[in-house]
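In: predicted model follows, preceded by the sequence.
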Amino acid sequence: MLKKVAILLACILSFSFASSDSNETSVKLNLVKNIKISHKMTEMSKKCVECHAEKTPGVVADWKQSRHSHAGVTCVDCHSVNADSPMASAKVHPKGSDNHISMLVSPKTCAKCHAEEVKQFEESGHARGAMQMYAKPGMVKLMYHYEGADHPDLKMSPDTTGCAMCHGSIIKLDANKKPTPETWPTYGIGTVYPDGGVGGCKSCHTMHKFSVAEARKPAACASCHLGPDHPDIEIFNNSKHGHIFNSEGHTWNYDSAPDTWEVPDFRAPTCSACHMSGVGETVTTHNISKRLKYNLWAPRSNLRTAGNDKAVEEFRKTGKLNIGTALAGHPEGPEAARAEMKLVCKSCHSTTSTDNFFTMADKHVELYNVYFDEAKKMLDDLKSKKLLLEDEWSDEFQEIYYHLWHHEGRRMRQGALMNGPDYAHWHGVFEVKNDIRKLRKIYKERIETGKIH
Amino acid sequence: MLKKVAILLACILSFSFASSDSNETSVKLNLVKNIKISHKMTEMSKKCVECHAEKTPGVVADWKQSRHSHAGVTCVDCHSVNADSPMASAKVHPKGSDNHISMLVSPKTCAKCHAEEVKQFEESGHARGAMQMYAKPGMVKLMYHYEGADHPDLKMSPDTTGCAMCHGSIIKLDANKKPTPETWPTYGIGTVYPDGGVGGCKSCHTMHKFSVAEARKPAACASCHLGPDHPDIEIFNNSKHGHIFNSEGHTWNYDSAPDTWEVPDFRAPTCSACHMSGVGETVTTHNISKRLKYNLWAPRSNLRTAGNDKAVEEFRKTGKLNIGTALAGHPEGPEAARAEMKLVCKSCHSTTSTDNFFTMADKHVELYNVYFDEAKKMLDDLKSKKLLLEDEWSDEFQEIYYHLWHHEGRRMRQGALMNGPDYAHWHGVFEVKNDIRKLRKIYKERIETGKIH
Amino acid sequence: MLKKVAILLACILSFSFASSDSNETSVKLNLVKNIKISHKMTEMSKKCVECHAEKTPGVVADWKQSRHSHAGVTCVDCHSVNADSPMASAKVHPKGSDNHISMLVSPKTCAKCHAEEVKQFEESGHARGAMQMYAKPGMVKLMYHYEGADHPDLKMSPDTTGCAMCHGSIIKLDANKKPTPETWPTYGIGTVYPDGGVGGCKSCHTMHKFSVAEARKPAACASCHLGPDHPDIEIFNNSKHGHIFNSEGHTWNYDSAPDTWEVPDFRAPTCSACHMSGVGETVTTHNISKRLKYNLWAPRSNLRTAGNDKAVEEFRKTGKLNIGTALAGHPEGPEAARAEMKLVCKSCHSTTSTDNFFTMADKHVELYNVYFDEAKKMLDDLKSKKLLLEDEWSDEFQEIYYHLWHHEGRRMRQGALMNGPDYAHWHGVFEVKNDIRKLRKIYKERIETGKIH
């Protein structure tokens, strides 16, 4: 309730400020960001639209449906760059103009209007998507375990067609200032742009519509958050929340302003509602790590005690990602994170219900840690006794160990905390349990015989 | 046709009776159940709604959209209980009132208006969901094969976050009369309430909207009927029925009264249409076992010859579930069940088409039995020769045997009978075939050497 | 642009021709096919509709919503056949008439109005769906590796409930001229009818609505193109195209005339948009192989250099399918196929983006070939040294080899070319990599010891 009053006041105040120093056409955007953009299209923008309506009609059709077009944000506002920009096209475009364009649009450009969102994003785990793959020395070795390593011309294909498409890439430009096939196109969340911008705004708000409504639907997350190692959309579909969304979500209202998207706009939360939106007493954030108590992707689940993520900061200073902040989360720590998450639950659930739920889900995470610790102890012991093969993918123990934490172990933990029983159980603890028995058997054999079979 | 006339007559008759002994506001419900509920909200109910519109707005928003609210069924009708109810809150609520509430609402409460539905439900296999997990002595041992067994504080997490979330739990109350985290919240279909009510009405008709339309959509079943051991939603999506639903189901009419939901309200059946709804000459039932010829979940598929399920009856008498009625189905036997199912098919398919379809699907079930019988024979022989490990999950033979019937074997059978070819074949017989070869190999080795390798 | 003018001209011209030699009611269809069908229903058709509205109401309800009904195409136009038709019912129907009907409607009947579509279909890989299973001598042996082989009465069930439901069957009739349960019903794409018609028009345009809108949605393909061996719908859902479709596809316009279904009717392509529809400068085709550069389903991916598929032609001549045309694609070769596909991309993507994308996806296909070639070499070597078991499904090497190409290898390739990173990587190259290591280990053991373990 207090939140609602605060939002209303903020609107009125910013409207007043905006009105006092602006003409009519820039009122709307001023309300949000104090940036003046004229609604009158420039000659150049008209030219873009006319020509591209023929050449790439989908781009223009999308833009015409976007809020950008109505707010006077046109092609040149995002694609026109100074000649000395690292991403400026080698040739002017269109021919005969003095205009340099960039086919790449970096979050730095988005931040001209959406500064707060970009800042929050940079403090989140999402921001480290590409850097942890391509700027962390250890990772490279891991990745080139793939056979491609022996085929220089082909070895990047697993990255480009696979990992980078969700994680993002560190975009490289060729001699003609065009992005290389190895690094672009990507729709990855942590993409690093040649101008130092980090992030994949278009990963969730797809171009060229850039819709808030789209990002509030599970489909926006589902194209990356799926599969054996983080089946978040499958877990959502397995939950009562997903059940409700799947039966009637197509009739809901996804267009409310940030911080005002509330029940009864929707009847059950989507991914965004719990992790990002300003539901109930919470406020909207683009830091998806902020409401998380545990790290559920790491080999062992520990509490997120490290505050905001520092990856972007470190990378900008050093060009590398040497220190990890795997425990980044809420700046005030894991209990603050959990408390914020519970504010979302509160829209529909009693305190007893919510508390009971998290009590048992947390125990499932702890039970996972029990399994993991046993597996890790065996691994370390075998290592110290030189009973592991160097190529981990040829070593049955190491292969099972990897699947235990990276695949079924994540499913067990995420399934519990997002209420997907099939993932907590069948794809989770049931498989972890089988893994641990197999690891014990192999361990026993190796220790008893001193040999790798 | 005859059915339609009968429905019309019934409506007219009950309307006459109702009108003669009721005031205007109670007419509607009288039509259905001869129970008087006033449309005028009590002061208490108004208080509930006003306060909870602030505290749990989703609950109130749902209820406002429900038929309950329009029919004058308010918060107190379901949540207000006598002080001596086993589920009555320790304290009165709201403070200062003399009102005891229960956060739990049992099917016994639902039965006040929906008696026939609850009765049918209790006669179905759904009703045994929780009892077969928690009231059947043998099961406990099976479940605590999981590692959690050694960690008393954690050992319930696999159940609570996994099994019980679909199967249901037997709800226990703590000293403050609040449900324990180990047993609640659950959305499980067979939940047993402290007052002896059995069932998860809200599993399909989610709270607090309790919509018939929702329960008619596949999503209502999909949050439980999925995954490796009963991929019913995946099979549906793999079928032509699913294909049609997925392409246009969002435009269909799901609101027709029971027994009148018919083509062209929909163009292809959903789960509910085949298993529960009064389509064509069938009548609506909440006994989902009634139209089933075979038991497809048991290790071996036998005909459902045992009439209605007796689990609730037995549990109420003994507090245990010693005898199973795994073959419960149609009270008149398996052929009556099949005949009723075929009445649904008849809306769109010729007799030749339907008969041919079931002929081959039944053969696929029989072919599964051939495989299963061979596997069981080997298992029994190894057991008698003491060639099985005590811990079945460490024993390769027993692990494969389990998967053969519980995972791929179910997929093979359900895939055939629900027309999901990928499940009949790739996830079904193709894997069963590989299993059986592995079992033969292990069996042969153990028999020949007299040892477990 | 040129295409649009051409389409408009074609419409005007055919309208003129049509008008000059037809009465009012047949104008519409004349526009398309120069076939006269009266809009006035015959007495016989009225009789069909009246009776079947009672007996199979779904069939009539569908037809009433179809374009067929509005264009005057009625029951008898498709189901009424000459008494000497191979599919004519043994008895007249309805009783007392002189009408023979066929419950089967072959593509030959569809071709009376849709000749071009049927011709294109016959030139596609889709057309060989059933023939390659049931008319190719080698396949039969492969299929009866299944246990069913020892149970003559049951052995067809894996085919009928599984393979044939997507691939189609070669329909056989019993003594009463009714299709046998082993071969019908099937919704398979390559079904061969007793009159020699080949194809499953209703696989995508389900009966009795036969809607173009339906076939343009991913659900139309998804009921077959799913699962471990060709997870096309899963890959689509994993792609940004799927992300966009899943978030807003239910609001798009699917009803535009062929060759005019364009952005902004949709905002992202569906299966049909890329593979069949006349998007941008392309023209509509029912030859789904035509825009494909590579064969991605075969053990090794080679360029599609064989022009149109010849399976139907060969089968009609010989009744067998001895020669394969696995490399059928675009009549002008693989580069023409790719160029046509890129015309679709062009609606929304820059040339750099499209070219970069395909460069890396093609490399992923080539990388797969590197793996496959190594696996094949080991297989051939083991074979020549008699180090393979005769029953391939009992032989670990052969089982892994099969999965390498048929399951994970297809996922790796299709994932890359349809932009589904989880399939290119986790379900693809990640598993292929593990397979190849296992194959090497087994190979080494067999070669070193001269024995099969």
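Out: Received the coordinates, thanks. Residues are numbered from 1 along each chain as shown, chains lettered A, B, ... in the order given.
In: just want the most central residue of chain A.
Out: With the centre of chain A defined as its mean C-alpha position, the nearest residue by C-alpha atoms, centre = their mean is A:His126, 4.0 Å away.
In: and that one, what does it touch?
Out: A:His126 is in contact with A:189-190, A:199-200, A:288-289, counting by C-beta atoms under 8 Å, 6 or more residues apart in numbering or on different chains. (C-beta placed from N, C-alpha, C; glycine too.)
In: for chain A, name the helix or strand with the lowest mean pLDDT.
Out: Ranked by mean pLDDT, DSSP states H and E, the weakest helix or strand in chain A is helix A:27-33, scoring a mean of 40.
In: that one: what's the following helix or strand?
Out: Toward the C-terminus, helix A:27-33 is succeeded by helix A:43-55 as the next helix or strand (DSSP states H and E).
In: pull the contacting residues for A:Ser69.
Out: With the criterion set at C-beta under 8 Å, 6+ apart, A:Ser69 makes contact with A:Trp63.
In: how near is it to A:Ser45?
Out: A:Ser69 sits at a distance of 10 Å from A:Ser45 (criterion: C-beta to C-beta, to the nearest Å).
In: and for the nearest residue to A:Val105 once chain neighbours are set aside, the neighbour number?
Out: Nearest residue to A:Val105 in three dimensions, chain neighbours excluded: A:Cys78, at 4.8 Å (C-beta to C-beta, 6 or more residues apart in numbering or on different chains). By the criterion of other C-beta atoms under 10 Å in any protein chain shown, A:Cys78 has 20 neighbours.
In: likewise A:Lys320?
Out: In terms of burial, A:Lys320 registers 12 neighbours under the definition other C-beta under 10 Å.
In: coming back round to it: looks to me like the residue nearest to the centre of chain A is in a strand.
Out: No - secondary structure of A:His126, determined by DSSP: H, G, I helix; E, B strand; the rest coil: helix, with no strand assignment.
In: skipping adjacent residues, who's closest to the closest residue to chain B within the stretch 301-450 of chain A in space?
Out: In the stretch 301-450 of chain A, the residue that lies nearest chain B is A:His425 (2.9 Å; C-beta to the nearest C-beta). If you skip the residues right next to it in sequence, A:His425 has B:Gly162 as its closest partner in space, 2.9 Å away by C-beta to C-beta, 6+ apart.
In: now the nearest residue to A:His225 once chain neighbours are set aside: how far from C:Asp373?
Out: The spatial neighbour of A:His225 that comes closest, neighbours along the chain excluded (C-beta to C-beta, 6+ apart), is A:Asp232 at 3.6 Å. The spacing between A:Asp232 and C:Asp373, counted by C-beta to C-beta, is 37 Å.
In: name the residue in the two with the higher neighbour count.
Out: Between A:Asp232 and C:Asp373, counted using other C-beta under 10 Å, A:Asp232 has the larger neighbour count: 23 against 11.
In: report pLDDT for A:Tyr294.
Out: Predicted confidence (pLDDT) for A:Tyr294: 98.
In: wait, it touches A:Lys363, no?
Out: No - contact criterion C-beta atoms under 8 Å: A:Tyr294 and A:Lys363 do not qualify, at 12.0 Å.
In: contacts for stretch A:54-66, please.
Out: When contacts are defined by C-beta under 8 Å, 6+ apart, stretch A:54-66 is touched by residues A:49, A:52-53, A:69, A:74-75, A:207-211, C:1, C:262-264, C:267, C:280, C:346-350.
In: buried ones among those residues?
Out: Among the contacts of stretch A:54-66, those buried by neighbour count (16 or more other C-beta atoms under 10 Å in any protein chain shown) are A:49, A:52, A:69, A:74-75, A:207-211, C:262-263, C:267, C:280, C:346-350.
In: done for today, thanks.
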